[in-house]
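Visitor: Here's my sequence, what's the structure:
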Amino acid sequence: MKHLAIVIGLAALFQTPPPGTAAPTIPFDSSIDFLKYSPDMNLGEVLAVAVNSKGHIVVLNHPGSATSGPLYGNASTQLLEFDQTGKFVREIGKGVYGLGYSHSVRFDRYDNLWVVDKGTNAVVKFNPAGYVTMNLGRRPEGPDDPAESYYRGGRGQAAAVHVDGSFRQPTDIAWDSDDNIYVSDGYTNSRVAKFDKRGAWIKSWGSRGSGGQHADENPGQFNTPHNIGVDRQNNVYVADRGNRRIQVFDTDGRFLRMIHLNVPYDKKRHPVLGNLAANPPDETAPWTICITNGATQFLYTTDQEPGRLYKLTLEGRIVGMLGESGRDAKQFNWVHGIACPSDDVLYLADMNNWRVQKITLHPERMTKTATGSR
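Guide: Numbering: from 1, shown residues only. The predicted structure follows:
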């Protein structure tokens, strides 16, 4: 059955547009000042944003450091909640032990807030009142500078062995219809970890490895699984950023298909951060996963360069795209997280622009020519 799944998954690659195929541009509006807070609450790097069933928005922000000591030893996570109008409500989790350098926030269907902390190797669950009700993983002890074995490959040593129930720089979280928990784990472990709804360990799958010469080889190997999501059919989507692909699995970790972002772009345009690459890849790297919950589910994802947001079917067909890298309104500087409370209203964690952008898509304005260009 494993080999059959791989054959089916590789066949599904052809549902994405072949390299060199254009995709329509979706008109959109952007607001960068809808959040209302005082000048002494300026945001730093915004890594994630989440929206609950009431429309309240939680921003995962890394402002100025809150502790003393060497820079690498400082905790910087700040969780700010705003109501549906953008008015500041409260700070969540101030001083909580498991929050150091958090990477993602997500609401589950019960409006519990889950925080995935790359720095402390922990996943913390807050109930709607703001109390911690579950912790997965364990924060490393005392020393400011982690041991050599903490780092991916041990700074030149052999990669660390996976340990059930523990994380090594986790990145994101998602749930299936039975409330099983999936954690993309992450920068070092390069796997997906699965727990039941009570936090009991079930299994993991994946290992660190290359996507191969054509970026569609070696399914189940990851190079920084950076975001994760689950659709209503319980398919698990992993943004395999370093391998420039999204991998799709069932809940047991059986590979189903690949999705690629292979729409043409101006490779001579200088990136907003970094050197101009000599031979940029045809596929760009997906950083994010957000799956809508409307009558027809769609998948949203973003790349670093050329800095676009993509709307896809769950099968991987690119419906449209928008935006570009930059520092102006309607431009993005490493979108690190997405919240998609509806098909056409999105909140983007515009990381290096130190802001949240509220995006309103207008697919009804897409021209027939653009829509038919695919």
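Visitor: Can you give me the neighbour number for the spatially closest residue to D29 that is not a sequence neighbour?
Guide: Leaving aside its chain neighbours, D29 sits nearest to T360 (4.6 Å; criterion: C-beta to C-beta, 6 or more residues apart in numbering). C-beta here means a position set from N, CA and C on the backbone, and glycine is covered the same way. By the criterion of other C-beta atoms under 10 Å, T360 has 13 neighbours.
Visitor: The nearest residue to I57 once chain neighbours are set aside: neighbouring residues, count only.
Guide: Nearest non-adjacent residue to I57, counting by C-beta to C-beta, 6+ apart: F82, 4.6 Å away. F82 has 22 neighbours, counted by other C-beta under 10 Å.
Visitor: Against F332, how distant is F82?
Guide: 20 Å (C-beta to C-beta, to the nearest Å).
Visitor: repeat for N223
Guide: From N223 across to F332, the span is 22 Å (C-beta to C-beta).
Visitor: Over to Q357?
Guide: 7 Å.
Visitor: More neighbours: which of these two?
Guide: Per other C-beta under 10 Å, whichever of Q357 and F332 has more neighbours is F332, with 30 against 25.
Visitor: Surely that one touches G326?
Guide: Yes - under the criterion of C-beta atoms under 8 Å, F332 makes contact with G326 at 7.3 Å.
Visitor: Please work out how many residues are found near W175.
Guide: 19.
Visitor: tell me the pLDDT at it?
Guide: Per-residue pLDDT puts W175 at 98.
Visitor: so R138 touches A122, yeah?
Guide: Yes - between R138 and A122 a contact is recorded at 6.8 Å, counting by C-beta under 8 Å.
Visitor: Could you point out the helix or strand that follows the helix or strand containing I228?
Guide: If you go by DSSP states H and E, I228 is part of strand 225-230. Towards the C-terminus, the helix or strand next in line after strand 225-230, according to DSSP H and E, is strand 236-240.
Visitor: still on that earlier bit, shared neighbours, Q357 and F332?
Guide: Common contacts of Q357 and F332 (C-beta atoms under 8 Å, 6 or more residues apart in numbering): L348, D350.
Visitor: quick revisit: who touches both of F332 and G326?
Guide: By C-beta under 8 Å, 6+ apart, the residues touching both F332 and G326 are G307.
Visitor: what about the residue nearest to I57, distance to S104?
Guide: 18 Å.
Visitor: Likewise for N218?
Guide: 25 Å.
Visitor: Look at these two and report which has more neighbours.
Guide: A side-by-side neighbour count of N218 and S104, using other C-beta under 10 Å, places S104 first with 30 against 14.
Visitor: Mind listing the residues bridging to that one?
Guide: For S104, the beta-bridge partners are V116 (DSSP bridges).
Visitor: just checking, it touches V116?
Guide: Yes - counting by C-beta under 8 Å, V116 is a contact partner of S104 at 4.3 Å.
Visitor: Between these two, which contacts overlap?
Guide: Counting by C-beta under 8 Å, 6+ apart, the shared contacts of S104 and V116 are T171, D172, I173.
Visitor: hang on, isn't the last one packed against L113?
Guide: What it means is I173. No - look at I173 against L113 with C-beta under 8 Å: they stay out of range, at 10.6 Å.
Visitor: looking at the shared contacts of S104 and V116, which has the most residues close by?
Guide: For these, the largest number of neighbours (other C-beta under 10 Å) sits with D172, at 28 neighbours.
Visitor: Hmm, it is touching W114, no?
Guide: No - using C-beta under 8 Å, D172 is not in contact with W114, being 9.6 Å away.
Visitor: Between these two, which contacts overlap?
Guide: Residues within reach of D172 and of W114 at once, by C-beta under 8 Å, 6+ apart, are R106.
Visitor: and F28, what does it touch?
Guide: So F28 contacts L322, G323, K330, I359, T360, L361, H362 (C-beta under 8 Å, 6+ apart).
Visitor: just the buried members of these?
Guide: Using 16 or more other C-beta atoms under 10 Å as the burial test, the contacts of F28 include L322, G323, I359, L361 as buried.
Visitor: Tell me what the residue nearest to I57 is bridged to.
Guide: I57, F88.
Visitor: residues in contact with it?
Guide: L35, K36, Y37, H56, I57, V58, V59, F88, V89.
Visitor: Fine, thanks again, bye for now.
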